[in-house]
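# sequence unknown, structure follows:
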């Protein structure tokens, strides 16, 4: 078949699937935004993005829809060129509905099978919005804005013949009329590659050389922000470090904001650190910023305890990858996490907001790691049995695209 993948940051969620389909003899090409610098062996075309972006003051509640339909228009014009200039006529078009790129592609290729990646459907209540009242305003105007933000997501589902979601919880964020279209299969974790290593070590930049077996507490997020519970983690650290004077804390993540609003001044990290200023031994707290993937693997493999928090939102790949590498997980008791972790079986769950309980649980896991060995083993087993890339997820993904 001829298969077109559409993603503004390709390969994105199609990192393993697109090459696998090409290896099976399909003709696979990609359409992505011109600013995307990620490398891929697949033939890739690019659509231009406007500079400056659409003025949100002109669209009010339609700000997101304006931006997404603008992106859709540009992707569609590039698709017309693929059709008219090189005669490309795909059998399958598979895009990520969250970016709007797929909205007009059925008009260009009406006979193709159109698929969408259904990652998350925003809601004015019950999910991420309003979950943490400290940072999420949930007044009536905010609810209106979230409903307006659903527009391009709903239209992408209407336009699609079928949809794919990585987890049950994320699929269930979509309204019932769309839910029947969704197949659930995760993007996959390479458990052969991401496995425990008792000989692992990590050189903290400007700090100590840490080994597997050392007392290391880890926290990882794309950016250190409220959506991923950075404030809760940093607030519990003074008690944890006072109780465990030998612990080193390795915190991975940038200073920006991936989800939700940025702080009014500076970074969230700096704001949260000011709250605990003078109560932390900063010689044992190591902020690495964002790290290369190999460093992330080393950090997870030396971790004695790994803390993971998220509001009810998209589940992080890093959690599943940490579990695959046998990390001892202490995580927030929120919907997306509870799909993967059962308390006291393959990890421990703590109420997102309970700072005191976070401190107690982390101290206990740091103090007596042998008591958590079975949970580490069960965590890896969970990933191997349910999320393994080669043996579980990739065959299902291929069947989804091929229509079997």
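Alright, I've got the coordinates. Here the structure is a predicted model, which means the values were calculated and not measured.

# Report how many residues lie close to residue 168.
12 (other C-beta atoms under 10 Å). Just so you know, the C-beta spots here come from the backbone N, C-alpha and C atoms, and that holds for glycine as well.

# let me redo that: residue 377
Using other C-beta under 10 Å, residue 377 has 13 other residues around it.

# who touches the longest helix anywhere in the chain?
Using DSSP state H to define each element, the chain has its longest helix at helix 63-86. For helix 63-86, contacts defined as C-beta atoms under 8 Å, 6 or more residues apart in numbering pick out 4, 6, 8, 29, 31, 33, 45-50, 53-54, 56, 58-59, 88-89, 99-105, 107-109, 148-149, 151-152.

# Run through the residues that contact the nearest residue to residue 246 once chain neighbours are set aside.
In this structure, residue 246 finds its nearest non-sequential neighbour in residue 215, 5.1 Å apart by C-beta to C-beta, 6 or more residues apart in numbering. Listed by C-beta under 8 Å, 6+ apart, the contact set of residue 215 reads 244, 246, 247, 248, 304, 366.

# Drop anything exposed from those residues.
Applying 16 or more other C-beta atoms under 10 Å to these, the neighbour count classes 244, 247, 248, 304, 366 as buried.

# could you give the mean pLDDT of stretch 165-181?
For stretch 165-181, the mean per-residue pLDDT is 97.

# And for stretch 381-388?
Rounded mean pLDDT across stretch 381-388 is 98.

# can you give me the offset of it from its chain's centre?
In terms of C-alpha atoms, centre = their mean, to the nearest Å, the centre of stretch 381-388 is found 18 Å from the chain centre.

# List the contacts of that stretch.
Identification of contacts with stretch 381-388 by C-beta under 8 Å, 6+ apart yields 186, 188, 189, 191, 320, 323, 324, 340, 341, 346, 392, 393.

# What's the local residue count around residue 209?
Residue 209: 10 neighbours (other C-beta under 10 Å).

# just residue 192 next, same as before
12.

# now the protein, which segments are flagged as low pLDDT?
Applying pLDDT under 70 to the chain picks out residues 50-60.

# what's the domain layout of it?
For the chain, the structural domains run 2-188+389-402, 201-386, going by automatic domain parsing.

# before we move on, the earlier item: just the buried ones out of the contacts of helix 63-86, please.
4, 6, 8, 29, 31, 33, 45-47, 54, 88, 99-105, 108-109, 148-149, 151-152.

# Next, the contact list for residue 345, please.
375, 378.

# Which residue is the nearest non-sequential neighbour of the spatially most central residue of the chain?
Compute the mean C-alpha point of the chain, and by C-alpha atoms, centre = their mean the closest residue is residue 316, 3.8 Å away. Once flanking residues are discounted, residue 316 sits nearest to residue 310: 6.6 Å by C-beta to C-beta, 6+ apart.

# Is that neighbour in a helix, a strand, or coil?
coil (DSSP: H, G, I helix; E, B strand; the rest coil).

# Neighbours of it, how many?
Residue 310: 23 neighbours (other C-beta under 10 Å).

# One more: residue 390?
So residue 390, with other C-beta under 10 Å, has 15 neighbours.

# Check residue 367 too.
14.

# what's the closest non-adjacent residue to it?
That would be residue 244: by C-beta to C-beta, 6+ apart, it lies 6.9 Å from residue 367.

# doesn't residue 155 make contact with residue 178?
No. Residue 178 lies out of contact with residue 155 (C-beta atoms under 8 Å); the separation is 11.0 Å.

# if we can go back for a sec, okay, the residue nearest to residue 246 and residue 203: tell me how far apart.
17 Å (C-beta to C-beta, to the nearest Å).

# do residue 185 as well
Going from residue 185 to residue 203 by C-beta to C-beta gives 37 Å.

# Also residue 130?
Applying C-beta to C-beta to residue 130 and residue 203 gives a distance of 42 Å.

# Same question for residue 112.
For residue 112 relative to residue 203 (C-beta to C-beta), the value is 50 Å.

# for residue 256, same thing?
On the measure of C-beta to C-beta, residue 256 and residue 203 end up 25 Å apart.

# Repeat that for residue 118.
Separation of residue 118 from residue 203 (C-beta to C-beta): 41 Å.
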